[in-house]
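Participant: Turn this into a model:
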Amino acid sequence: MSEKDKGFSFKRLFIRDTEAGSQETQTQGTDPGSVKNQQIYTTNTSSNASVGAQEHPLVEDFVQRLQNLINQNNQPGFDFLEFTESLFEEKQNPTAEVYKTVFRIAQKIDKSLTPAKLLDSSRYYKDLVQKAAESEISKGESKKQGLQAEKDTERTNLDNSLKDTRAKIKQLTQQIQELQNQDVTLSAQLSAIDQKYGGQFIDIDKKIGAIRGAKEQVIVSIVDIEAGIKTNLS
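Facilitator: Model (predicted):
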């Protein structure tokens with residue numbers, strides 16, 4: 001396998017068919033020597049089942065990104081990646097015997113290979129995945145914080161605008177109430193205006209009538225005297 005082609009699809013490891021895994025387990029023997037490793041692997045598949053239950057484009061996309069990251073950072077030689085790939089080429093749920101067989105074959109490829117070296121390289125890839133995931137999570141949290149700040153700012157602005165609008169409504173409501181009260185007052189004054197000026201009109205009309213009467217009396221007296229002058233002195 002060339003350096004470029006090293007690595008494998010992590011969907012086979014992280015997002016596997018749990019039903020196939022269950023059938024594989026049922027068909028396995030009860031070899032006491034395989035019990036310990038089988039229990040460990042069963043624990044792993046239980047955790048993977050939750051990932052499988054969440055299988056959707058976002059999960060698959062990030063698994064693919066992590067796969068690419070690990071493959072791009074594959075360490076030279078036969079390490080954890082090659083060992084894991086060999087395991088899953090043999091069985092979907094490898095038994096203790098498969099582990100031993102693959103390890104014996106791997107030692108023929110790399111005589112310096114030991115379980116400790118495999119575990120060291122697995123920790124290297126785990127750290128790589130952990131750092132990549134934490135970096136993405138940190139970016140997500142930062143984006144969330146920025147979005148939350150934007151949301152809070154917008155909420156505050158809208159809340160202030162709403163308070164201002166309600167204050168204006170209250171002010172206008174008070175003005176409307178004052179105008180309505182003024183309308184009632186003016187309407188009452190308008191209704192009472194005839195009564196207010198009626199007496200004054202009567203008084204004026206009386207005076208006008210009196211003046212006319214007085215005028216007639218005086219005019220009559222003057223006319224009478226004029227007639228006497230004409231009759232008696234002409």
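Participant: residue closest to the middle of this structure?
Facilitator: The structure's the chain has its C-alpha centroid closest to residue 151; by CA atoms, centre = their mean the separation is 7.8 Å.
Participant: and that one, how far is that from residue 75?
Facilitator: From residue 151 across to residue 75, the span is 44 Å (CB to CB, to the nearest Å). Where C-beta positions appear, they are placed from N, C-alpha and C, glycine not excepted.
Participant: With residue 208 instead?
Facilitator: 126 Å.
Participant: Same question for residue 132.
Facilitator: In terms of CB to CB, residue 132 sits 16 Å off from residue 75.
Participant: Which stretches in this structure count as helices?
Facilitator: Shown for the chain, the helices assigned by DSSP state H span residues 11-14, 18-27, 32-53, 57-72, 80-90, 96-109, 115-191, 193-233.
Participant: how does the chain divide into domains?
Facilitator: 11-113, 196-233 (automatic domain parsing).
Participant: can you tell me which of the ones you listed the model trusts least?
Facilitator: Ranked by mean pLDDT, the domains of the chain bottom out at domain 11-113, with a mean of 68.
Participant: Can you report how many residues lie near residue 71?
Facilitator: Per other CB atoms under 10 Å, the neighbour tally for residue 71 reads 17.
Participant: Same check on residue 74?
Facilitator: 18.
Participant: Pretty sure it sits against residue 81.
Facilitator: Yes. If you go by CB atoms under 8 Å, residue 74 and residue 81 touch, sitting 5.6 Å apart.
Participant: Residue 117 - how many residues pack around it?
Facilitator: Residue 117 has 16 nearby residues by other CB under 10 Å.
Participant: do the same with the one 4 residues further on
Facilitator: Summarising burial for residue 121: neighbours were counted as other CB under 10 Å, giving 20.
Participant: Let me see the contact set for it.
Facilitator: The contact partners of residue 121, by CB atoms under 8 Å, 6 or more residues apart in numbering, come to 75, 79-81.
Participant: where's it relative to residue 234, distance?
Facilitator: Counting by CB to CB, the gap from residue 121 to residue 234 is 161 Å.
Participant: try residue 103
Facilitator: From residue 103 to residue 234 the distance is 171 Å (CB to CB).
Participant: Compare those two (neighbour count), which wins?
Facilitator: residue 103 (16 against 5).
Participant: quick one: the more buried one from residue 82, how far?
Facilitator: Counting by CB to CB - residue 103 and residue 82 are separated by 11 Å.
Participant: Pull out the C-alpha coordinates of stretch 120-130 and format them as PDB.
Facilitator: Extracted as PDB, the C-alpha positions of stretch 120-130 are listed here (Å, rounded to 0.1, in the frame of the first residue of the first chain):
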ATOM      1  CA  ASP A 120       1.100   4.700  21.200                       C
ATOM      2  CA  SER A 121       0.000   5.300  17.600                       C
ATOM      3  CA  SER A 122      -3.700   5.000  18.500                       C
ATOM      4  CA  ARG A 123      -3.200   7.700  21.100                       C
ATOM      5  CA  TYR A 124      -1.500   9.900  18.500                       C
ATOM      6  CA  TYR A 125      -4.600   9.600  16.200                       C
ATOM      7  CA  LYS A 126      -7.000  10.100  19.200                       C
ATOM      8  CA  ASP A 127      -5.100  13.300  20.100                       C
ATOM      9  CA  LEU A 128      -5.300  14.400  16.500                       C
ATOM     10  CA  VAL A 129      -9.000  13.800  16.300                       C
ATOM     11  CA  GLN A 130      -9.500  15.400  19.800                       C
END
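Participant: For that stretch, buried residues please.
Facilitator: 121, 125 (16 or more other CB atoms under 10 Å).
Participant: Show me how far that stretch is from its chain's centre.
Facilitator: Remark: stretch 120-130 is offset 36 Å from the chain centroid, using CA atoms, centre = their mean, to the nearest Å.
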